[in-house]
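Trainee: what follows is a predicted structure for the sequence shown.
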Amino acid sequence: MKDINYSISDEKNYTKNQIKKIEQEFGNIQGLSDILENTKKLFGCEIYLKIFKEAKNTAEKDYERLNISDDKNSYNNESLYNKYPQLTYASVLDKPLIYLPSLHGDLIIYTMFISTFTLLSTICNVKSSHLVRVERIFNLMDKVMVLFDKFNQDLDYTPPTQNFYDKLKTIRWDKKSKKLFSKIQNIRNNITNVNSKNMDMYNTRFNLTENYLLIFLAASSAVKREHKNITMEDVVQSHKTYYKLINMDLKDFL
C-alpha cells in the first residue's frame with residue numbers, strides 16, 4: 001500500500017483540539033490529563049512503533065505455543081489448563097462468533113483475555129529482544145490485573161482467581177465511561193495511522209487488540225474496586241497501566 005503523506009503538524013494540532021474537547025467534558029477526572037498527554041506522546045514514539053510492527057508476529061507465535069485454534073479461538077491441549085490455571089479461569093468467558101455485547105450481553109469475552117496476553121507478550125518481546133516464556137507473561141498479566149500501574153513495585157498481591165474471572169464476566173460499561181474510552185480510542189487509532197503512514201487492516205487489528213487489553217484491564221479495575229460497572233476512573237487506570245508498560249524498561253523486571 002502506498003504511503004499517505006500526513007502532515008504531522010496538522011495531525012498534532014487536530015489531536016490537541018480533540019484533547020481539549022475531552023478535558024472540557026471530562027476534566028474533573030483525576031489522572032485524565034496525564035493519560036491524554038501520554039496518548040499524544042505516541043506520535044512518532046519509537047518503542048510504540050516497534051510494538052505495532054511486532055504484534056502480528058508475536059501473536060502468531062503465542063497462538064502456536066498455546067495451541068490456540070485461530071478459527072475457533074479455543075485451546076486444544078488439555079494439559080495447558082493444568083500448567084497455566086489462568087486458562088481454566090478464563091474458560092468461563094464467552095466465545096461469541098460475532099462480538100455484539102449489546103445483543104449477547106457479556107462485555108468481557110475470551111478474545112479479550114487472549115488479546116491481553118498476546119499484547120503483553122509483544123511488549124515483553126520488543127523490550128527483551130526475545131520471546132518471553134509463557135509463565136512469565138501470565139505472571140505479568142496477573143500483576144497488571146490487580147496492581148495495575150504499580151505492577152513493578154515489590155508489593156504483596158493475590159493473583160486473580162476463578163472468582164475474579166467470574167466477576168469479570170458480569171462487568172458492564174457505565175455510559176459516560178464508555179464515551180470517554182471511545183474518544184481516547186479514536187485519538188489513538190488516528191495516531192496509529194499517522195505513525196504507519198497508511199490506513200490498512202493491520203492497523204485496525206492492532207488497535208482492536210489494544211482496545212481489548214484496555215477494556216480487560218478497566219474491567220479488572222472495576223472488579224478490584226468491587227464495582228459492577230466500568231467507571232471513568234477505571235478507564236484512566238487501564239490507560240495508565242498500558243502506557244507504563246510501553247514506556248518502562250522491563251528488562252530487569254522480566
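Mentor: Okay, I see it. Just so you know, these numbers come straight off a predicted model, no measurement behind them.

Trainee: CA only for contacts and neighbour counts going forward, please
Mentor: Will do.

Trainee: residues touching the residue nearest the centre of the chain, list them.
Mentor: Centroid-nearest residue in the chain: Leu213, 2.1 Å away (criterion: Cα atoms, centre = their mean). By Cα atoms under 8 Å, 6 or more residues apart in numbering, the contact set of Leu213 is 112-113, 115-116, 119.

Trainee: out of these, list just those in helices.
Mentor: The helices, defined by DSSP state H, take in 112-113, 115-116, 119 from the contacts of Leu213.

Trainee: in TSV: these, plus distance to Tyr14.
Mentor: Putting those into TSV (distance: Cα to Cα, whole Å) gives the following:
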residue	distance to Tyr14
Met112	30
Phe113	33
Ser115	29
Thr116	29
Leu119	28
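
Trainee: may I ask which of those residues has the most neighbours?
Mentor: Leu119 (26 neighbours; other Cα atoms under 10 Å).

Trainee: shaky segments in this protein?
Mentor: Applying pLDDT under 70 to the chain picks out residues 1-2, 69-77, 97-105, 252-254.

Trainee: which residue ranges of it form helices?
Mentor: 8-26, 32-40, 46-65, 78-83, 85-90, 101-104, 110-128, 134-146, 162-170, 175-196, 201-224, 232-247.

Trainee: thought Phe138 was touching Thr116?
Mentor: No: between Phe138 and Thr116 there is no contact under Cα atoms under 8 Å: 9.9 Å.

Trainee: using CSV, write out every CA atom in stretch 194-206.
Mentor: Taking Å, rounded to 0.1, in the frame of the first residue of the first chain, the C-alpha atoms of stretch 194-206 are listed here in CSV:
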residue,chain,number,x,y,z
VAL,A,194,-0.1,8.6,11.1
ASN,A,195,2.8,6.6,12.6
SER,A,196,2.4,3.8,10.0
LYS,A,197,1.6,6.2,7.1
ASN,A,198,-1.3,4.2,6.0
MET,A,199,-4.8,3.1,7.0
ASP,A,200,-4.7,-0.7,6.2
MET,A,201,-6.4,-3.6,8.0
TYR,A,202,-3.3,-4.4,10.1
ASN,A,203,-3.8,-1.0,11.8
THR,A,204,-7.4,-1.9,12.6
ARG,A,205,-6.4,-5.3,14.0
PHE,A,206,-3.6,-3.8,16.2
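
Trainee: check which residues of that stretch are buried.
Mentor: 194-196, 198-199, 202-203, 206 (16 or more other Cα atoms under 10 Å).

Trainee: same question, stretch 145-157
Mentor: For stretch 145-157, a neighbour-count test (16+ other Cα under 10 Å) marks 145-149, 151-152 as buried.

Trainee: that older thread, wait, which of the contacts of Leu213 is closest to Asn5?
Mentor: Nearest to Asn5 among those: Leu119, at 28.2 Å, using Cα to Cα.

Trainee: surely that closest one touches Thr209?
Mentor: Yes: Leu119 lies in contact with Thr209 (Cα under 8 Å); the separation is 7.1 Å.

Trainee: about what we covered before: what's the closest of the ones in helices among the contacts of Leu213 to Lys183?
Mentor: Met112 (19.8 Å).

Trainee: which non-adjacent residue is nearest the closest one?
Mentor: Tyr212 (4.9 Å; Cα to Cα, 6 or more residues apart in numbering).

Trainee: thought that neighbour was touching Tyr110?
Mentor: No: with contact defined as Cα under 8 Å, Tyr212 does not reach Tyr110; the gap is 10.1 Å.

Trainee: circling back: so for Asp156, which of the helices of the chain sits nearest?
Mentor: helix 134-146 (10.1 Å).

Trainee: brilliant, that's me finished.
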